[in-house]
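Engineer: I would like the atomic coordinates for the input below:
(chains A and B)
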2 protein chains.
Amino acid sequence: MDDVVDTAEPGREPRTLSRRSLLGLAGAGLAAVGLGGIGGYGVADARSSGAAPATAAPSATRTYPLTGAHQAGIVTPAQDRLHFAAFDVTSTSRTALESLLRRWTYAADRMVRGLPAGDLTASPYDAPPSDTGEAEGLPPSGLTITFGFGPSLFADAEGRDRFGLAQRRPALLTDLPHFPGDTLDPARTGGDLCIQACADDPQVAVHAVRNLSRIAFGTAAIRWSQLGYGRTSSTSTAQTTPRNLFGFKDGTANIMAEESAALAEHVWVGADDDPGASWLAGGSYLVARRIRMTIETWDRASLREQETLVGRTKASGAPLSGGDEHTAPDFALAGRGGAPLIDPASHVALAHPDRNDGARMLRRGYNYTDGSDGLGRLDAGLFFLAFVRDPARQYVPMQTAMARNDLLVEYLRHTGSGLFAIPPGVPDGARLSPTDGAFVGEQLFA
Amino acid sequence: MDDVVDTAEPGREPRTLSRRSLLGLAGAGLAAVGLGGIGGYGVADARSSGAAPATAAPSATRTYPLTGAHQAGIVTPAQDRLHFAAFDVTSTSRTALESLLRRWTYAADRMVRGLPAGDLTASPYDAPPSDTGEAEGLPPSGLTITFGFGPSLFADAEGRDRFGLAQRRPALLTDLPHFPGDTLDPARTGGDLCIQACADDPQVAVHAVRNLSRIAFGTAAIRWSQLGYGRTSSTSTAQTTPRNLFGFKDGTANIMAEESAALAEHVWVGADDDPGASWLAGGSYLVARRIRMTIETWDRASLREQETLVGRTKASGAPLSGGDEHTAPDFALAGRGGAPLIDPASHVALAHPDRNDGARMLRRGYNYTDGSDGLGRLDAGLFFLAFVRDPARQYVPMQTAMARNDLLVEYLRHTGSGLFAIPPGVPDGARLSPTDGAFVGEQLFA
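Structural biologist: I've put the predicted structure just below:
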């Protein structure tokens, strides 16, 4: 559980450092920069600035270390905001790809600690700054950055093995099958690499993706990206269950960070799961689905219909068989006329582990609203993110059952999709450097 | 200044009431709702719930009253998140339009106080709920809802006066002129009505627009909408200046809520400004511009070029003539070679009141990131919002000068636009009712 702590590790600077305090420290020298036009843009590198009193709220100054047995952003408590990006690698050089991952790891490690993506004091005035600057003054905001590899990294659409990785492709890392009713937009689907940036401030999450995209220039380019807000799942028993855009509590049965046995069983890839891809041990698979909700139709459905479809009460989230939010649903309990109180075609029934061979997931999705379409309807819904040990067993059967369910089809449309292998973390204590340091996914290239 | 207070008004319920506490109060009865299938979805109406201890942070429970001499959302301290929506009126009935504004005002008044948009206890189980529910459990989060009227409400594209309002159109309420370099998308431009919803939680802002859109069904439909985050301006001296996506502090010279003389001079429409549209006295004009930034190009510009274009240092926001963020720029001060330290074509020079006949604005814009375009570039930039007394004098000349400036054209592209008349507020103490209450903009229909 080394990646859910929010206290200082031994030998590291205190974790309450904020960018704001950095600016304060550097403030005295700034006018000179403007007049003289020399040096970086005057922000001291926090590595050497020592501790400063934090002015922001404790949660805003929380940091999660990039390093650890597993990548952060999986069992770390779900933050409030997301910027997810899928990249195409535009270079065909394996060396360039490794260099990118090394530079990404280095910059990500800096940013999750609230530092600029690069050392600004080393940037010449006549060169682009090594950080874009819009997160200056903002605290780390619990930023996590999680990297993943898509199937096309191992063999592209034409079957080419651009990077000599085909032999190491995990057997489970294939494009998800076409599900009934899928209306996937190719411009929101797939990708060679992915980055999930989560933070409690959207500007911090967007800043991370933007800077990693900037660093990738010439090697990889964003294929698609998605912003999200208002996490739809809890990943810790300390969090309350939030509501999705149907107005219902979502993810009540989620795997929690505190359930270490369940994490080992359902989330982390085991050492012997895939002998041909042992590099993925300690990692996971990420299923990403952009699920548009037909909000306007839903909003005209009666409360009775809404609760029947979901299988829970809207106010408390309790199953329709009674109790409270965390009461186990009783699918056998019948009401008037002998019909079960929970419809067998409801979401809670279809998604329940009992109906899915015991499969559970660690869900970490977000609501999204991307403005409106040309017909006056909000383009809004759920950006579903789930970490699983085996997507073929834990996701595909459940989604197949849900997609066949006529009750829900009216209200949900899958418009984007991706499956990514999430490598394990960079070990604590590893030396990070943009030129020759350790990096996320290094085991794949060993 | 009655709309910037965050304390209870006499005779109103305490302003720290949160939706979360409402759910707690109603919790005991919820299982019965699920089993029995009767009534609303079990949430007590806060009007009758009395005071409850607030569990969220003070800022999250802050509320701004809808009523007052001016609408909220103008001089109220800028919140962190925005959902802006422009509507087309689909009905041709003046009565229906008035009814919509009345129902909007009633629902908005409820939502800014942290209540559901309608009284859920009065909703039959076999009818759609009178609130969509996704903000249940969330505190009011400083929500403000601001309504405006576009030029097309008074005369549509074919010149038709659908609602008998043409004679009352303010002389200044016309479509903004075409500026050099404008690449406006008709699907992001114009609108008969607008709603600016701001809150410190995006789910609360989106919830407000969604419910107002739901209420408008059959009378008006969303034409376009825009989400924003990370306010780019301060509207109170108590706020620090945030950064835009160029990484620079933005809006340093903004009019502040504390400057009552400046507000009267530059923001509020005076009683004698437009004798033909006296209904707008105490209101304002809202200029909305979606300004895409070519982020990737900017990120490859040197710090020298970035600071030259903006006219300020990136780190502190001080003008290049020296001092700190709030030091007045000295456009005459020359450096080496006799050239002025601040380029006359820089943003700070072009936007300065001295260059614009003393014109100032109350800016209240937000950053936006709408994913990526098909070329791997972020679709990101500034959703510019400014409140002015006279757009023809305070906005058009400045934007004309900026648009002609070759330095900036490379980095900015205006892709959406709107001008709206913002009526004054509903007076404090007015009776609000969805059937026969007072409403925002009522003076226009008198």
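
Engineer: relative to chain B, which residue of the stretch 151-300 of chain A is the closest?
Structural biologist: The minimum distance from the stretch 151-300 of chain A to chain B, using C-beta to the nearest C-beta, falls at A:Gly247 (2.5 Å). For glycine as for every other residue, the C-beta is placed from the backbone atoms N, C-alpha and C.

Engineer: next helix or strand past the helix or strand of chain A with the lowest mean pLDDT?
Structural biologist: Ranking every helix and strand in chain A by mean pLDDT, DSSP states H and E puts helix A:30-36 at the bottom, with a mean of 30. For helix A:30-36, the succeeding helix or strand toward the C-terminus, using DSSP states H and E, is strand A:81-89.

Engineer: helices or strands next to that following strand in the packing?
Structural biologist: Here strand A:81-89 touches strand A:193-199, helix A:202-215, strand A:220-231, strand A:378-388, going by 3 or more C-beta pairs under 8 Å, 6 or more residues apart in numbering or on different chains; DSSP states H and E.

Engineer: helix or strand right after that strand?
Structural biologist: Counting by DSSP H and E, what follows strand A:81-89 is helix A:94-112.

Engineer: outside of the very next helix or strand once past that next one itself, list whatever touches it.
Structural biologist: Sequence order places strand A:144-149 as the next helix or strand after helix A:94-112, per DSSP H and E. Here strand A:144-149 makes contact (C-beta atoms under 8 Å, 6 or more residues apart in numbering or on different chains) with A:64, A:66, A:71-74, A:76, A:79, A:101, A:104-105, A:108, A:111-112, A:173, A:192-199, A:208, A:212, A:286, A:420-423, A:440-441, A:444.

Engineer: what's near enough to touch the closest residue to the residue of the stretch 151-300 of chain A closest to chain B other than its chain neighbours?
Structural biologist: Closest residue to A:Gly247 apart from its sequence neighbours, by C-beta to C-beta, 6 or more residues apart in numbering or on different chains: B:Gly133 at 2.5 Å. Applying C-beta under 8 Å, 6+ apart, we find B:Gly133 in contact with A:243, A:246-248, A:314, B:41, B:116.

Engineer: and B:Gly133, how far from B:Asp201?
Structural biologist: 15 Å (C-beta to C-beta, to the nearest Å).

Engineer: what do you get for A:Leu408?
Structural biologist: Using C-beta to C-beta, A:Leu408 is found at 27 Å from B:Asp201.

Engineer: pick out whichever of these two has more residues nearby.
Structural biologist: B:Asp201 (23 against 17; other C-beta atoms under 10 Å in any protein chain shown).

Engineer: which residue, other than its chain neighbours, is closest to the most centrally placed residue in chain A?
Structural biologist: Closest to where the C-alpha atoms of chain A average out (C-alpha atoms, centre = their mean) is A:Gln196, at 3.8 Å. Distance criterion C-beta to C-beta, 6+ apart; nearest residue to A:Gln196, sequence neighbours excluded, is A:Thr146 at 4.3 Å.

Engineer: just name the most buried of the helices and strands packed on strand A:81-89.
Structural biologist: Mean neighbour count (mean count of other C-beta atoms under 10 Å in any protein chain shown) peaks for strand A:193-199 among these, with a mean of 28.

Engineer: who's sitting farthest from the centroid in chain A?
Structural biologist: Going by C-alpha atoms, centre = their mean, the residue of chain A most distant from its centre is A:Gly337, 44.8 Å out.

Engineer: any idea how far that residue is from chain B?
Structural biologist: Distance from A:Gly337 to chain B, counting by C-beta to the nearest C-beta, to the nearest Å: 12 Å.

Engineer: please tell me how far that residue sits from A:Glu305.
Structural biologist: Applying C-beta to C-beta to A:Gly337 and A:Glu305 gives a distance of 18 Å.

Engineer: cool, A:Arg188 as well?
Structural biologist: 29 Å.

Engineer: neighbour-wise, which of those two wins?
Structural biologist: A:Arg188 (21 against 16).

Engineer: isn't the more buried one up against A:Ser225?
Structural biologist: No. The pair A:Arg188 / A:Ser225 is not scored as a contact, 9.2 Å apart, by C-beta atoms under 8 Å.

Engineer: would you map the strands across the stretch 201-350 of chain A?
Structural biologist: A:220-231, A:284-293 (DSSP state E, counting those that start in this stretch).

Engineer: and these, which one averages the lowest pLDDT?
Structural biologist: Lowest mean pLDDT within the strands of the stretch 201-350 of chain A: strand A:220-231, at a mean of 93.

Engineer: can that one be found next to chain B?
Structural biologist: Yes. On the criterion C-beta under 8 Å from any C-beta of the partner chain, strand A:220-231 is in touch with chain B at A:221-227, A:229-230.

Engineer: return the residues in contact with the residue nearest to the centre of chain A.
Structural biologist: Contacts of A:Gln196 (C-beta under 8 Å, 6+ apart): A:73, A:82, A:84, A:144-146, A:148, A:286, A:385.

Engineer: which of these lies closest to B:Asp343?
Structural biologist: The shortest approach to B:Asp343 among the contacts of A:Gln196 belongs to A:Ile145, at 36.8 Å (C-beta to C-beta).

Engineer: nothing else from me, thank you.
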